[in-house]
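S.K.: Test case, fold it:
(2 chains)
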Amino acid sequence: MQEAEPDRIETQEYLVNMGPQHPSTHGVLRLLLKLEGEIVHHVDPHIGYIHSGIEKMCESLTYPQIPYLTDRMDYLSAHMNEEVVCLCIENALGVEVPDRVKYIRTIFSELQRLASHQLWWCVMGMDLGALTTFFYGLRDREKILDIFEETCGARLTLHYSIPGGLMFDIHPNFQKRVHDFLNYFRKKLPEYDQLLTGNVIFQERTRGIGIFPKEAVINYGVTGPSGRASGFSCDVRKHLPYSAYPFVSFQEALDDRGDTLARYQVRIKEMWESMSIIEQLIDNIPEGDVQVKMKGVVKLPEGEYFQRVESARGDFGVFIISDGKKSPYRLKFRSPGFSNLSALHAMSKGWKIADLVAIMSSLDLVIPDIDR
Amino acid sequence: MAFSIYDFSTLTQSIHDGLSSRLSPTGTLAMEWAIVGIVILLFVAVFGLFLVYAERKVCAFFQQRLGPMRVGPWGLVQTIADFIKLLMKELIQPARADKFLYNLAPFIVIIVTFLAISVIPFAKGLQAFDFDIGVFFVTSITAVGVIGILLAGWSSNNKYSLIGAMRSGAQIISYELSVGLSLITIVIMAGTLQLSGIVEAQRAGWFIYRGHIPAIIAFFVFVIAGTAETNRGPFDLAEAESELTAGFHTEYSGIKFAFFFLAEYVNLFIVSAMATTVFLGGWMALHVGNLEGFNHVMDLLPPVFWFFIKVFFVIFLIMWFKWTFPRLRIDQILTLEWKFLLPINLFNIILMTVIVLLGWHF
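M.R.: As a prediction, this is how the structure comes out:
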């Protein structure tokens, strides 16, 4: 019998399907991983499991009907998704909405951003194994959803913005409740840092993990907090201000380290900035109408229109080609999640499975936003 | 039949006498084995269920919610209901699993916990086996548990299970060292490996107090390593939910899954009971110096209650870790053990030896 050669151990890569149903892919994303032991050699994202054809459906809907569908894409920043379509249609028609609408839309966007970042924080903790964060984050998010519910009757898919203004005015309690929430959350946000950010294990798990340089961020089109964490100043609110953003002063949360911890801290900073933006606006909402009288049938003049907003995940754009009829000839969304996901492979190559989960979590992916 | 809750040896002696007067010596021994077996079996089942309930309530407490509330008063019957559900569930076996090993693995894991529990001194005279190598027995028998986990991961024919099992193997074998060495630190002081002897030696004061600095270091190392040994808390890589879905027991269902689940909680008890026995005075009451009145009041509480109070304290501590900390990565876990805990431990043993030799302890 021949003796085995101990000096030559053959290892081979193996494939693991992570998802479509997996606790850390948050939805139905399927990652085909090529692993060597624990080390990730290749990540191949397979998308399309909840593709719902929203862009195609929009071609057969009238313009005021479109925002109802866009809510369903990135459901965590539903209001921004509505807003971008409304802004695009308003700009195309040359409609100037009253200041009151702009203020309320901005407050809603920022509340939505807070709610989205809170949920991201819960899930980030959970992906790293700190299960308690989930309940802390949801506890606070609930308060924002209650405010939404009081004003527009919905908690997740709001349908509050319509082309030409808002569906209806804010609830009389709105300002008081937002104030209450800000006072409450200003005390609770440091708790997030105490529970997770300051933790040694958390820092070890995130610092220096998945470093993504600025050039790569720009090449891959990574936007939003994930892009800003690498020093790419890409805040649409700053560069192309829309709604009430020209009236407020705020800082763009930037970081140049580009690792998972930076992406985490940029989002925490953004929560503080969002609170300051709401604070500046909430007491100064001007009086006035909440709707502009629009024509019964909205028809965009023939041409191409593009509008961007900053959603909770990044640069969210809508591109409409109109042939002058009551529904768009072609409509395309530029969703931040799609571009951010495209960078996952480059970010996580060479790291371990546990790091892949942390990196993916720090990108804050929402799958319907990617699949559309 | 004399019975005192303060000293169980009278009870066990009277049972022994009663049996020997009716049966042959062999029959008596067989009968006693059966009794001990049934008692341990019942204890594991009931206490395991109770710990599951306690974990749910403790984690609910940390997470600002109520936990189970619907089934029975304060949800007390919830875990029993869950267990019945697990018993009734269909056992699904992966098509290409290694059938023999797949079925064997949960039994190895659960048998190990029974064996380890049999040497724990619950109170004076309430201990199934009192080996003179008790500490050694516990550390060696708990090390066998990892075979069950490795087999479960290997035989399931699932890559997630395999990764989980390999992680678990690396982790448990490493932390075995810290558990053993931190126990040895105290054994140096006690001068015996017998668990009942270690408890007796703490009559004058718990070892965590008497051995001061090295004993406290050893206690912390033991709790950290013990948490890692039970695959819990920040060290739950083997079943890391967000990475490996359920790790080594992904493919198990029904009663076989329940075995793993129960074993995890019983292991939690074993680690806490060892910490109690070796560091916190076992079933000894809390005595403070020469405060006669205070000491007398403390003595009123039976030893078995003292034992469980201390055990629950340690269990609460370990649950606290689990519900607060994020999970470590596999290389960080091994770094923590080999680069930090192990050198600290080795240094600590020397420190303890010097202190014992010079008589600098209390």
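
S.K.: A:His116 and A:Ala262: what is the separation?
M.R.: Wrong residue type there; residue A:116 is Ser, not His. If you measure A:Ser116 against A:Ala262 using CB to CB, to the nearest Å, the figure is 19 Å. All C-beta spots, glycine's among them, are computed from the backbone N, C-alpha and C.

S.K.: Tell me the secondary structure at the residue of the stretch 51-200 of chain A found nearest chain B.
M.R.: Here the residue of the stretch 51-200 of chain A nearest chain B is A:Gly129; by CB to the nearest CB that distance is 2.7 Å. With DSSP: H, G, I helix; E, B strand; the rest coil as the basis, A:Gly129 sits in coil.

S.K.: Is it in contact with B:Pro326, as I believe?
M.R.: Yes - the pair A:Gly129 / B:Pro326 is scored as a contact, 4.8 Å apart, by CB atoms under 8 Å.

S.K.: what residues are shared contacts of those two?
M.R.: Common neighbours of A:Gly129 and B:Pro326, using CB atoms under 8 Å, 6 or more residues apart in numbering or on different chains, are B:Pro234.

S.K.: does A:Val40 belong to a helix or a strand, and which?
M.R.: strand A:39-46 (DSSP states H and E).

S.K.: and the residue nearest to the residue of the stretch 51-200 of chain A closest to chain B when sequence neighbours are not counted, what is it in contact with?
M.R.: Take A:Gly129 and drop its neighbours on the chain: the residue closest to it by CB to CB, 6 or more residues apart in numbering or on different chains is B:Arg327, 2.7 Å away. Neighbouring residues of B:Arg327 by CB under 8 Å, 6+ apart: A:128-130, A:201, A:205, A:354, B:234-237, B:240.

S.K.: quick one on the thing from earlier: tell me the mean pLDDT for the strand holding A:Val40?
M.R.: Here strand A:39-46 scores 88 as its mean pLDDT.

S.K.: which parts of that strand are buried?
M.R.: Within strand A:39-46, the residues that qualify as buried are A:40, A:43, A:45, counting by 16 or more other CB atoms under 10 Å in any protein chain shown.

S.K.: so what secondary structure elements neighbour the strand or helix carrying A:Val309?
M.R.: Assessed by DSSP H and E, A:Val309 sits inside strand A:303-311. If you count contacts as 3 or more CB pairs under 8 Å, 6 or more residues apart in numbering or on different chains; DSSP states H and E, strand A:303-311 packs onto helix A:78-93, helix A:236-239, strand A:314-322.

S.K.: quick one: contacts of the shortest one?
M.R.: Spelled out, that is helix A:236-239. By CB under 8 Å, 6+ apart, the surrounding residues in contact with helix A:236-239 are A:233, A:242, A:245, A:250, A:252, A:308-310, A:315.

S.K.: Highest neighbour count among those?
M.R.: Neighbour counts for the contacts of helix A:236-239, by other CB atoms under 10 Å in any protein chain shown, peak at A:Glu310, which reaches 29 neighbours.

S.K.: hang on, the earlier thing: can you tell me the strand partners of the strand holding A:Val309 and which way each runs?
M.R.: Note on strand A:303-311: by DSSP bridges, its sheet partners are strand A:314-322 (antiparallel).
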